[in-house]
Each structure stands twice: as C-alpha cells, then as structure tokens.
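[1] Give the three-dimensional model of this entry:
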Amino acid sequence: MLNISRMAWQDALTLRCSNSASDKNLSQWSAGELLWNGLEVQLRQNAFHQINVVAPLTDSRSNILTIDSLWKPSTISVGTGIQAVASDANGTLQLNLTGTESRSQLKLIDSQNVVRSLVPSVTGALTWNGSALVDLTYLANSYTTTTSINTSLATKQDTLINYSETTGTATTIVQTFDDATPISIHLAWGAGAYTNVQNSHQQISIPVYHHFSSLGSGTVYMTVELKACTCNEAVFSVNDSTAWVQVHETKFSNLSTSVWTTFSWQFSIPSNGKINFHIGYIPTGSSLTQAPGTVLLKNLHLYKSTASATISSQLGCSGDLVCGRTITATSFASTSDKAIKENVQDASIKDCMEIFQHVYVKTYNGTDAACQRIGFLAQDIQQYLPPEFANIIGMQYGGDMPLLLLSYDRLVCVLWAVCKSQEQRISALDSRVSALEAKKTKKAQL
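    Presented below is the predicted three-dimensional model:
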C-alpha cells in the first residue's frame, strides 16, 4: 500500500495535460520568481493594467491592442506651387516646388550667409539687392542700332590707332605624338640610331638629324619634351642643309632621369628654305660640347606662325617691363642728361678695382632657360658693391622667391674706370721706360 502525504517543501510541481504526453514544471527561482517550464511568469502587480494614448494617437482593444495615429502624411493639404508626395506606410512626406507658386520676392543666401532679394516691380523690371537690372526693353530704348552701340563704346575706350594685331595661322612642319594611345606617332629620323617605344617616347642615340625643305622664310618655333637616359644633355642645331652656314644652336642641360621637361626654342629659316635639324651634332666653330649616350624624347613640334602684334608709335611705360623671351632692337638707350642729376662726383677707382679683382666671369646652365651661358653671379658683385653703386643690383619680386637682378650695361662704368686706371699706369710706365732708354742711349753715345 502506498500512502502520499503533503510534503513540507518541494523543488517543482510537475503537471501533465490530460491529452499530452509531455510534462511541464512550475518552479521557483532563487530570487522568488515563478517559472513555468523555465520561463518567468509575470505577477499581476508587475504587469500593465491599462495603456492610455493621447491625440493624435488612438487605440482599439479587445484581446489585441492596436495603436494608430489620426495624423497621416496623406492627409496633408498644400497650397499652389507645392507638390506633396506622402507615404502613410513609411510615415514620410516630401514637399517639392512646382514653379507655379507666387511670391513678392525671392531671397537667396550666399556662402557667407548674406541674404539678398530679387524683387519684381509692377512694370516687370527686376531689382537685385535694391539695384535695377538691365532688361531687353532698356537696351532697345537706349541702343536702337549697331551704330549707336559703336558710338557709345567709342566714348568708353581710346581708339588704338597705332596698334595692330594679327591672329595669324600656325603651320606645322612636324609634330609627333609619341605618348598617344592607342596609336603613337614617331619621327623617322633621316640619319642616326633611335628606338620607338610605343605609346611612350623615342630613345635617341646621339647624334641624329632630319632634313626639312620648302619651309619658305620666317621663324620656326620648337617645343619638345626631354628626359635623361645615359646622357643628361642635348645640343640642338640647324644649318641650311648644304654646309655649316646660317647656323643656329642651343643646348639643354641637366636633364632629369625621372621627370619629363618641356623645352622651347626658335630659329630663323635659312635663305634657301631648307634645314638639317640635328640633335647632338656640334656646328663647326661652336663652343658647345656634347657628351655621348642616349636621351629620351617625345612630342616634338616644329611650326611657323604668322601671328604678330605691332606698335607703330612711341611706347611709354611707367612701370617695369618684364619679358619671358628675347628682346631684339636696333639700340637700347638710357636717359643720362646732366639736367636730371645732382651731387655728381668721380667714382672711386679703388671701389671699381675691388669689384674687378674679386669677381670672376662664370659659365653656367640657366634653369629659367635651359642652355649654357656666360655671365656673372649677382651675389658675387653685390658682395663688393659700395652704397653709391647700388643701381647695379636690383630685385625682382612676384615669383616663388625674390631674385637679384644685375645691370650688365652699368658694369661698363666699372670696366671704364678700371681701364682708365690701367691706361694711366701704362702711360706712367711708358714714360719711365722712355726716360731709361734715353739715359741708356746718352751713355752709349759717350
């Protein structure tokens, strides 16, 4: 016989549904929670008893609580000129201007947050920030013909009667497209060794040359991109194709091995209209030198241009005249009248000799115009200049850094003083020699 009595305590109460073979436990957790089949059962005092909503929200309830909103994007009404695109499902409302709205002014704000207004008047004119704008009606009333416009323009500017400009045309002699894709175009040099690197460049084995004929007369302009290979310099020269006469030459030095540099040059066409165009050939009697090796070349362009500008009267300039290319003239003259000078004194021969003795003539490669040159370093002369010689040195501003300028024509004054001093010494020595020769002759006669 089995007797069951109530126990003082137990871990769980196992219950079985009459139509189910599975058992579930009603148990207590450590903090006093009531668990049904392992999940916490919420006690009444901890549960929501009522949910209240306020407008525009509404609710409906039975066994399921449904919360809705009286405000829906689709219920929005808009005025003229505004289009509403609503989605109740997404709760979004997009407003667009249709361009048919009416307003008394249009306010615009710039990047500095300054607001300005565009306002129409009853006559149809527009006012921008308080100033009237010109319209076609105003132009038609004020300028009825082309003649009246030209007359009005003539009062606004001076007539340039002593200036003429010709846009002209450019005539290409040769142009290569060595780095073009998908098809590159290279020059087939008439003589010399070279290698075409497709879509990139030519490798030139110095020297090479090519012949061009029927060029007519005038000036040929050249641009080319160069880079060093086994040689970092290239002498360009031309002659009349028959001999080394009517020669022009230039040298591009210190070529980079990593960066392409664009060089420009110009030369006069020989009288027979023909040239041999050389790279690496040294003209007879030239002081230039050329190292052997290879250079890289691309995008050679030789062309003529008839564009020109002519000033046919005296040109007055109150500021500095800066030119990036060669200036050619029949003469250069400076104002030097006594009437515009005061405190006139003889320059110190000693100071002139100081400059002459300490400053040396240099040869160098210019980085502003790639070629070999002869000249002075302005800093060398500046070091020995007395204050009263200050106009020999100047300063140019406006580039990446200020540059010293040197007045080569005023150096003539320094050389003049040195030569005059030397002449005086030579004359004194001649006098001493003559006196000694006279004494020697007189003794011989005795």
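
[2] hey, let's count contacts and neighbours off CA atoms from now on
    OK.

[3] which residues in the stretch 301-446 of the chain form helices?
    Counting by DSSP state H, counting those that start in this stretch, the stretch 301-446 of the chain has helices at residues 349-358, 378-382, 411-445.

[4] Repeat that for the stretch 51-200 of the chain.
    For the stretch 51-200 of the chain, the helices defined by DSSP H, counting those that start in this stretch cover 136-142, 146-154.

[5] So what's the model's average confidence on the first one?
    Helix 136-142 shows a mean pLDDT of 67.

[6] cool, and stretch 107-127?
    Per-residue pLDDT over stretch 107-127 has a mean of 83.

[7] Which residues does it contact?
    Contact with stretch 107-127 is made by 104-106, 128-130, 132-133, 135, as judged by C-alpha atoms under 8 Å, 6 or more residues apart in numbering.

[8] Relative to Asp88, which of those residues is nearest.
    Among the contacts of stretch 107-127, Leu106 lies closest to Asp88 (C-alpha to C-alpha), at 32.6 Å.

[9] Can you report how many residues lie near the closest residue to that closest one other than its chain neighbours?
    Sequence neighbours aside, Leu118 is the residue nearest to Leu106 in space, at 5.1 Å (criterion: C-alpha to C-alpha, 6 or more residues apart in numbering). Around Leu118 there are 17 other residues, counting by other C-alpha atoms under 10 Å.

[10] Can you spell out which residues form a bridge with Leu118?
    Beta-bridge partners for Leu118, by DSSP bridges, are Leu106, Trp128.

[11] For it, give its distance to Val259.
    Applying C-alpha to C-alpha, to the nearest Å, the value for Leu118 to Val259 is 53 Å.

[12] swap in Ile206?
    Here the criterion is C-alpha to C-alpha. By it, Ile206 lies 20 Å from Val259.

[13] Next: Tyr397.
    For Tyr397, the distance to Val259 - C-alpha to C-alpha - is 27 Å.

[14] okay, now the domains of the protein?
    As given by automatic domain parsing, the domain ranges for the chain are 11-70, 119-157, 170-308, 345-446.

[15] Buried residues, stretch 180-189. List them.
    Residues of stretch 180-189 classed as buried: 184-187 (neighbour count, 16 or more other C-alpha atoms under 10 Å).

[16] With stretch 29-42 instead?
    Under the neighbour-count criterion of 16+ other C-alpha under 10 Å, stretch 29-42 has 34-35 buried.

[17] Can you tell me what sits against it?
    24-28.

[18] For it, what is the spacing between the initial and final residues?
    Note: stretch 29-42 ends 13 Å apart using C-alpha to C-alpha.

[19] low-scoring stretches of the stretch 301-446 of the chain, by residue?
    Scanning the stretch 301-446 of the chain for pLDDT under 70 picks out the ranges 324-325, 368-371, 398-399, 446.

[20] Quick check: closest non-adjacent residue to Gly81.
    Using C-alpha to C-alpha, 6+ apart, the nearest residue to Gly81 is Glu101, at 3.9 Å.

[21] Neighbours of that neighbour, how many?
    Glu101: 10 neighbours (other C-alpha under 10 Å).

[22] dump the residue contacts of it.
    Here Glu101 is in contact with 80-82 (C-alpha under 8 Å, 6+ apart).

[23] Which one of the contacts of stretch 29-42 sits in the busiest neighbourhood?
    Busiest of the contacts of stretch 29-42 [other C-alpha under 10 Å] is Ser27, holding 19 neighbours.
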